[in-house]
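> Sharing a model prediction with you, sequence too.
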Amino acid sequence: RLVKRAVPRHEDNRTPDRLDIVRKEFGHLKLREIVDAVDALEFSADAFVEVGRQLPGAEDPATFFENPGAVHGALRAVAGIRFLCPALVEAVAPKVAASGQEEAPEGEASEEQTKAAADAKARGAESFKQKDFAAAEAAYSEAISSLPRGHGDLHTVYSNRCAARLQGGIGGGAVAALADARRCVELAPQWPKGHFREGSCLRQLEHLAEATKAFRAGKTVEPDNKDWDKEIEKTEVLRCVKLPALGRQLLFSMLPELLWAWVRGGDPVGVLSVQINGEFTDFGKAKWRLVKETREKPATASLRYAFQSRKDYFANLAANLQNPPKEGVAVVDLAGKPLKIAEINAFLQDSGTDAVLHLDVRHGGGADKMAAVLCRVPCDECVRMFLGTRKEPEAPKNSIEPVLHLQSTSGFPKALPRYIGFQAMPGDLNFPVIDIVRDAPSMA
């Protein structure tokens, strides 16, 4: 529904007296409207991307983004976010191949094989019932080796052995259980329980993105079963407090303002630095989830936006790392690792049309406990066309020297930013409030 609403359309409605029809025209939605709508629909940034990848045509990016709407622009930006800090990069699920090596050679099952498998399955079921998972795993293994490859009962036996391995932590534990689950799905992709087993294994291994994907696959097979939504939500609750999810959600909630300010900077290799006087974990949670789970209002904070050339960015960064300000400026990332200019420079190479963002945000304490979030976000024409226009603040009427002096002591000791702006979250962005060339040319 959101995809349809996001593109130009018209609606025909009857007048109050029911005698006439009035046509109302709608243009493209803007990125901010998409972000707000996604929150209202109770989607996290990650869920938005995952469901977006299931849209018709999404498997072919070349055509999917050919005639984009704002949903496409948002998907392109969020799905393409790249973080420098490894702690913000979601771990890739293990490359665990499906089981299958133990199966008997392919062919018709003999009467002896069928009986042996049935007896082993019965012993396995009884052992599982008695919580003797080691005995259950051994019995199910015997049943698997008794049946020829591709036998119609094999997927249920793999499912049962998967459960025994997962419950008892035996036979290779969750990793071996995952191999069984994947063989189960391989043998019977339309059997819902196989997807449940795979999702459960991945969740236990804390590969939560892949777990959610497996549960969504099960929901596709069995759309009327509401238990899939419960499993997806259970997994997302675990996932949303992890650093990678918090980082993407933080960026997603601020994305329209961040990208608009970076584009307004007018330098394709410039850097937008944002100081967030708020806690990372508060701003990394989706607003709807915060309200739903804690009944609290979304967090508030004051933000400072500063756009500078890449040369000035590195000059200021080097000075801050050498002589860190007392507060308000990060010299470590979210994992507590000191920032290194060589690593940042390598990360920013060949940034192309990506917006380069450096966010300093409180992490685990007050203003003196700041952590840096460095990232690149796709910002090509597919994204830019939905940023919209904003009314810019008028030039300052009073002296800006006190403001500039504050900037020189709070992050910009070597070179003042070209543009400076502010935002009170939640609230509108005022950018640029100061244009150094316009307002203080002698200091530019």
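Cool, the structure landed.
> any idea which helix is longest in the chain?
If you go by DSSP state H, the chain has its longest helix at helix 243-265.
> Could you tell me how far that helix lies from the centre of the chain?
12 Å (Cα atoms, centre = their mean, to the nearest Å).
> Excluding chain neighbours, what is closest to residue 358?
Nearest residue to residue 358, sequence neighbours excluded (Cβ to Cβ, 6 or more residues apart in numbering): residue 273, at 4.7 Å. No exception for glycine: its C-beta is placed from N, CA and C like everyone else's.
> same thing with residue 338?
residue 332 (5.4 Å).
> Could you check the pLDDT of that neighbour?
Among the per-residue scores, residue 332 holds a pLDDT of 95.
> And for it, the neighbour number?
If you count neighbours by other Cβ atoms under 10 Å, residue 332 ends up with 17.
> how much space is there between it and residue 349?
Residue 332 sits 22 Å away from residue 349 when distances are taken as Cβ to Cβ, to the nearest Å.
> I'd like to check which residues are in contact with the residue nearest the centre of the chain.
By Cα atoms, centre = their mean, the chain has its centre lying nearest to residue 46, at 3.6 Å. Neighbouring residues of residue 46 by Cβ atoms under 8 Å, 6 or more residues apart in numbering: 209, 212, 236, 239, 245, 248, 249.
> all strands of the stretch 1-150 of the chain, in order?
Here the stretch 1-150 of the chain has its strands, by DSSP state E, counting those that start in this stretch, at 9-14, 21-26, 82-83.
> ok, now the stretch 251-400 of the chain?
Going by DSSP E, counting those that start in this stretch, the stretch 251-400 of the chain shows strands at 271-279, 301-308, 354-362, 370-378.
> Need those in CSV (columns: mean neighbour count, mean pLDDT and distance to residue 100).
CSV is the format used below for the strands of the stretch 251-400 of the chain (neighbours: other Cβ atoms under 10 Å; pLDDT from 0 to 100; distance: least, Cβ to Cβ, whole Å):
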stretch, mean neighbour count, mean pLDDT, distance to residue 100
strand 271-279, 22, 95, 48
strand 301-308, 22, 95, 53
strand 354-362, 24, 97, 42
strand 370-378, 22, 97, 40
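> The residue nearest to residue 358 pairs with what?
residue 306, residue 358 (DSSP bridges).
> Assess the claim that it and residue 308 are in contact.
Yes - using Cβ atoms under 8 Å, residue 273 is in contact with residue 308, at 6.8 Å.
> anything in contact with each of the two?
For the pair residue 273 and residue 308, residues contacting each of them under the criterion Cβ under 8 Å, 6+ apart are residue 417.
> remind me which residues of the stretch 151-300 of the chain are low pLDDT?
Filtered on pLDDT under 70, the stretch 151-300 of the chain yields the residue ranges 170-172, 295.
> Would you map the helices across it?
Assigned helices in the stretch 151-300 of the chain, in chain order: 154-168, 173-187, 192-204, 208-221, 227-239, 243-265, 280-283, 287-294 (criterion: DSSP state H, counting those that start in this stretch).
> what's the closest of these to residue 326?
Nearest of those to residue 326, taken as Cβ to Cβ: helix 280-283 at 19.7 Å.
> so where is the stretch 301-444 of the chain shaky, pLDDT-wise?
The stretch 301-444 of the chain contains residues with pLDDT under 70 at 366-367.
> thinking again about what came up before, right, so the strands of the stretch 1-150 of the chain: which one is the most enclosed?
Of all the strands of the stretch 1-150 of the chain, strand 82-83 has the most neighbours on average by mean count of other Cβ atoms under 10 Å, namely a mean of 18.
> which other residues reach that strand?
Contacts of strand 82-83 (Cβ under 8 Å, 6+ apart): 89, 244, 247, 354, 373, 374, 375, 376, 377.
> Please apply the same query to stretch 389-405.
Stretch 389-405 has contacts (Cβ under 8 Å, 6+ apart) with 260, 416, 420-421, 429-436, 438-440, 443.
> Residue 299 against residue 284, yeah?
No - the criterion here is Cβ under 8 Å, and residue 299 misses it with residue 284 at 9.7 Å.
> of these two, who's got more company?
Neighbours were counted for residue 299 and for residue 284 using other Cβ under 10 Å; residue 284 has more, 25 against 16.
> Show the backbone phi and psi for the more buried one.
When read as degrees, to the nearest 10, the backbone of residue 284 gives phi -90, psi 0.
> List the contacts of the nearest residue to it once chain neighbours are set aside.
Residue nearest to residue 284 in three dimensions, not counting chain neighbours: residue 246, with 2.9 Å by Cβ to Cβ, 6+ apart. Contacts for residue 246 (Cβ under 8 Å, 6+ apart) come out as 240, 280, 281, 284, 285.
> which two from those residues end up farthest apart in space?
The distance between the two most remote of those (Cβ to Cβ) is 13.2 Å, for 240 and 280.
> I'd like to know which of the strands of the stretch 251-400 of the chain is closest to residue 205.
Closest to residue 205 of these, according to Cβ to Cβ: strand 370-378, at 26.4 Å.
> if you skip the residues just before and after it, what's nearest to residue 407?
residue 416 (5.8 Å).
> returning to what we had before: out of the contacts of residue 246, which one sits closest to residue 342?
So of the contacts of residue 246, ranked by how close each gets to residue 342 (Cβ to Cβ), first place is residue 280, at 25.0 Å.
> can I assume that closest one is in contact with residue 370?
No - Residue 280 lies out of contact with residue 370 (Cβ under 8 Å); the separation is 9.4 Å.
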